[in-house]
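Chemist: My questions are about this predicted structure, shown below with the sequence.
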Amino acid sequence: MAECLEALQYAARLMQSGRNLDPISGSKRASAGPVRATFYVRHGKRWLDVTLAALALVFLLPLLLMVAGVVLWSSGRPVFFAQMRVGQHGKLFRMYKLRTMVVGAELRGSVSVTNDPRATRMGHRVRKFKLDEIPQLWNVLSGTMSLVGPRPDVPGFADQLSGEDRKVLDLLPGVTGPATLHFANEEALLEKAPDPDLYNREVIFPEKVRINLEYGRDVRLSKDLVYLFKTLAVVRRN
């Protein structure tokens, strides 16, 4: 009961104040507008994505192979998990991860909690350090994702946005981003919620949309670098 009350209280605080705050500065946000086609948005962001993703893949390849071997040894095939996600302009694409859940887990729902019973024996540890996200660097290189942007959702969420909220789809989905960092403890919040699916749909997802709309209004190199460094700091803390 106490955990349920805590989740509901968090939702109330989020709805009252979090909507109007920038996740980095804490200052009030202006209303969202269209993505500004600056030089960085048109050219620089893609250059940053390709450069950093290529370097990261080379650097992380030994770790990727090692973790892939652990996944294969502990839970068998398939090693990689591919799932259709909603990308830029609502176009579906296939996003890749290392498999951390039992085969067919996605058929039991798309919401994950901290101690998700669908996770494999090693899945909890792999997910804790975000090692399952490494294959998404290939998505970045292929142009279906960016390093920084809204996290891509499964069909049934982003593709059903309407009005101004659909401007989120002007952005390439990202490996990390302001909304991802704002909800770095998302799985713990969902675990405390009386109804995780409802809490995700009515509280977390709408707030992510608002944060990502604000990000799209002012996409800058300096902000992207801050988000990347903050993501590394979160991973190190884990």
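Modeler: Arrived safely. Numbers count the residues shown, from 1 in each chain.

Chemist: Touching, Asp159 and Gly90? I think so.
Modeler: Yes - applying Cβ atoms under 8 Å, one finds Asp159 in contact with Gly90, separated by 5.4 Å. Any C-beta I mention is one placed from the backbone N, CA and C, and that applies to glycine too.

Chemist: out of those two, which sits in the busier spot?
Modeler: Asp159 (16 against 13; other Cβ atoms under 10 Å).

Chemist: Shouldn't that one be within a helix?
Modeler: Yes - membership of Asp159 in a helix is supported by DSSP: H, G, I helix; E, B strand; the rest coil.

Chemist: Next up, the contacts around it.
Modeler: By Cβ atoms under 8 Å, 6 or more residues apart in numbering, the contact list for Asp159 reads Val86, Gly90.

Chemist: got it, and Leu228?
Modeler: The neighbourhood of Leu228, defined by Cβ under 8 Å, 6+ apart, consists of Leu52, Leu147, Val148, Thr176.

Chemist: For the buried ones among those, write the corresponding ChimeraX selection.
Modeler: Burial among the contacts of Leu228 is assessed by 16 or more other Cβ atoms under 10 Å; the matching ChimeraX selection reads:
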select :52,147,148,176
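
Chemist: what's the closest of the contacts of Leu228 to Leu189?
Modeler: Thr176 (17.8 Å; Cβ to Cβ).

Chemist: quick one: terminal-to-terminal distance for stretch 138-149?
Modeler: Using Cα to Cα, to the nearest Å, one end of stretch 138-149 lies 16 Å from the other.

Chemist: Run the chain-centre distance for that stretch.
Modeler: 12 Å (Cα atoms, centre = their mean, to the nearest Å).

Chemist: now stretch 143-160
Modeler: Relative to its chain's centre, stretch 143-160 lies at 8 Å (Cα atoms, centre = their mean).

Chemist: same thing with stretch 231-238?
Modeler: For stretch 231-238, the distance to the chain centre is 14 Å (Cα atoms, centre = their mean).
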